[in-house]
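Chemist: test case, fold it:
(4 chains)
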2 protein chains.
Amino acid sequence: MLDQFRNKFPLNDSKWIEYTNHFNRLEVAAKTILLEEGEISKKLFIIEEGCIRVWFNNNGKDLTTQFFFENQSVASIESFMKKIPSPVVMETIEPSVIWWISKNDLDKILEEIKEIPELRDRFINMLFERTFDYMKHFVSFIKDSPTQRYLNLIEERPQVLQRVPQHYIASYLGVSTVHLSRIKSQLLHAK
Amino acid sequence: MLDQFRNKFPLNDSKWIEYTNHFNRLEVAAKTILLEEGEISKKLFIIEEGCIRVWFNNNGKDLTTQFFFENQSVASIESFMKKIPSPVVMETIEPSVIWWISKNDLDKILEEIKEIPELRDRFINMLFERTFDYMKHFVSFIKDSPTQRYLNLIEERPQVLQRVPQHYIASYLGVSTVHLSRIKSQLLHAK
DNA sequence: TTCATTTGATAACAAATGTTATCGTCGGCT
DNA sequence: AGCCGACGATAACATTTGTTATCAAATGAA
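Modeler: Residues are numbered from 1 along each chain as shown, chains lettered A, B, ... in the order given. Okay, here's the model as predicted:
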């Protein structure tokens, strides 16, 4: 599964095999919790199949912050980097096949590839990119109306609309399920 | 001015002097624009005195995303790192004394201190911390009511209340000036 | 000082969004 | 097949927040 990334890494075959051997395969049902709120994140996940929802509990209400699909890597970044309790829950939406590597193993690998600054930098860049992405979503809460956020979602991540139950989408857009229904109906009748 | 940070850096005196010499002093009036929207950020700023507001234009309305005060360093991080046009404007609120270093000079220094991984890591950590901070503010848009955000501000950054005109605060909290007045008045009369 | 500009408060009304309740549909399970 | 629970639509009403207008107080410049 990881072999599709093989050509992206300047490693010789034996190193590649050694490193990828640290990954573990995990097959889970829908609604499986991969990381609890308050738990310290010690695993980095890569999704082979299925999808993951990241959310936190706010006064009894789900607040979804992200969705991840096939071939994306997922972690509660701040918890993972700084060994602090995770503010968010990570949970599968569909039955999923997940690969994970422990933070320990990953740290060892990162230590070992220090002589390949290119790789190290790339990893750091990946973390920044993920963070910027995340931020982009939050900024849209300030800039855009819920209707606009919904339209953006259709435009940028149509997958989400097709695979994710609507009440999760509402919580991702920051509106009630009732209001999301309203938005959809308004858009429909405006045509 | 930078000497207060002297002991934080494991550099010998001559290197310290060489590096700090790349900083330039700038004295500016209130409402001076340090970075335009769309401009590529090429300077990292450190505030000796005064304060800076970071904002962007959204449909003709100011949307303030951050305030910075004495001894804080400021840049449009994503623009600075990736050489892309800055989505935000950086503008002084009060007459200010600012030190800045060009990205070129900073990159050279970062290149040179590669052998001191500790320093390099610290710099990267600083960027992450700033990003996490930034994120925290955005998350509070989703979690908290405007009233709660205002209370948080009082709690966490009372300076802002004292030094920043109220309409900037309203735009920082994401509400109209009228509504911020309402919030203040409600809090006052609830007592 | 005097005048104009900025800043902040308040009222009245409008628009957006949440809440609660009800109903219909669909899919999985026994 | 029949049942149950999850999901989504809609209506009615409540609450929050924005908008526009007006006024008062504070500030700054001539």
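Chemist: test my guess that A:Phe9 contacts A:Leu119.
Modeler: Yes. Between A:Phe9 and A:Leu119 a contact is recorded at 6.8 Å, counting by Cβ atoms under 8 Å. Where you see a C-beta, it was placed from the backbone N, CA and C, and this is true even at glycine.
Chemist: for A:Glu49, see how far away A:Met135 is.
Modeler: 28 Å (Cβ to Cβ, to the nearest Å).
Chemist: hmm, stretch A:18-35 in reach of DNA strand D?
Modeler: No. Judged by Cβ under 7 Å from any atom of the strand, stretch A:18-35 makes no contact with DNA strand D; its nearest approach is 8.8 Å.
Chemist: helix/strand/coil for A:Asp107?
Modeler: helix (DSSP: H, G, I helix; E, B strand; the rest coil).
Chemist: host element of the closest residue to A:Leu11 other than its chain neighbours?
Modeler: Of all residues not flanking A:Leu11 in the chain, A:Tyr19 sits nearest, at 7.0 Å (Cβ to Cβ, 6 or more residues apart in numbering or on different chains). Per DSSP states H and E, A:Tyr19 falls inside helix A:13-20.
Chemist: okay, buried residues for that helix please.
Modeler: A:16, A:19-20 (16 or more other Cβ atoms under 10 Å in any protein chain shown).
Chemist: could you give the mean pLDDT of that helix?
Modeler: For helix A:13-20, mean pLDDT is 89.
Chemist: just checking the distance from it to the centre of its chain.
Modeler: 25 Å (Cα atoms, centre = their mean, to the nearest Å).
Chemist: got the contact list for A:Ser73?
Modeler: A:44-47, A:126 (Cβ atoms under 8 Å, 6 or more residues apart in numbering or on different chains).
Chemist: let's go with 7 Å and repeat that
Modeler: A:44-46 (Cβ atoms under 7 Å, 6 or more residues apart in numbering or on different chains).
Chemist: and if you look at A:Gln72?
Modeler: With Cβ under 7 Å, 6+ apart, A:Gln72 has these contacts: A:Ile47.
Chemist: same check, this time on A:Ile47
Modeler: Listed by Cβ under 7 Å, 6+ apart, the contact set of A:Ile47 reads A:68-72, A:74, A:96, A:98.
Chemist: which of those fall within helices?
Modeler: For those, not one is inside helices, with DSSP state H as the criterion.
Chemist: all helices for chain A, in order.
Modeler: Shown for chain A, the helices assigned by DSSP H span residues A:13-20, A:77-82, A:103-112, A:117-143, A:146-156, A:158-163, A:166-173, A:177-190.
Chemist: quick check, the second one touching chain B?
Modeler: Yes. Looking at helix A:77-82 against chain B by Cβ under 7 Å from any Cβ of the partner chain, the contacts come from A:Glu78.
Chemist: now that helix: mean pLDDT?
Modeler: Here the average pLDDT along helix A:77-82 is 92.
Chemist: buried set for the lowest-mean-pLDDT helix or strand in chain A?
Modeler: When the helices and strands of chain A are scored by mean pLDDT, DSSP states H and E, helix A:117-143 comes last with a mean of 86. Using 16+ other Cβ under 10 Å as the test for burial, helix A:117-143 gives A:119, A:127-128, A:130-131, A:134-135, A:137-142.
Chemist: which of those residues sits closest to DNA strand C?
Modeler: A:Phe141 (10.3 Å; Cβ to the nearest atom of the strand).
Chemist: residues contacting the closest one?
Modeler: A:174, B:138, B:141-142.
Chemist: kindly report the same for A:Asp13.
Modeler: Counting by Cβ under 7 Å, 6+ apart, A:Asp13 has no contacts.
Chemist: now for A:Lys114, how many residues are close by?
Modeler: A:Lys114 is flanked by 10 other residues according to other Cβ atoms under 10 Å in any protein chain shown.
Chemist: actually, A:Glu37.
Modeler: Residues near A:Glu37, counting by other Cβ under 10 Å: 15.
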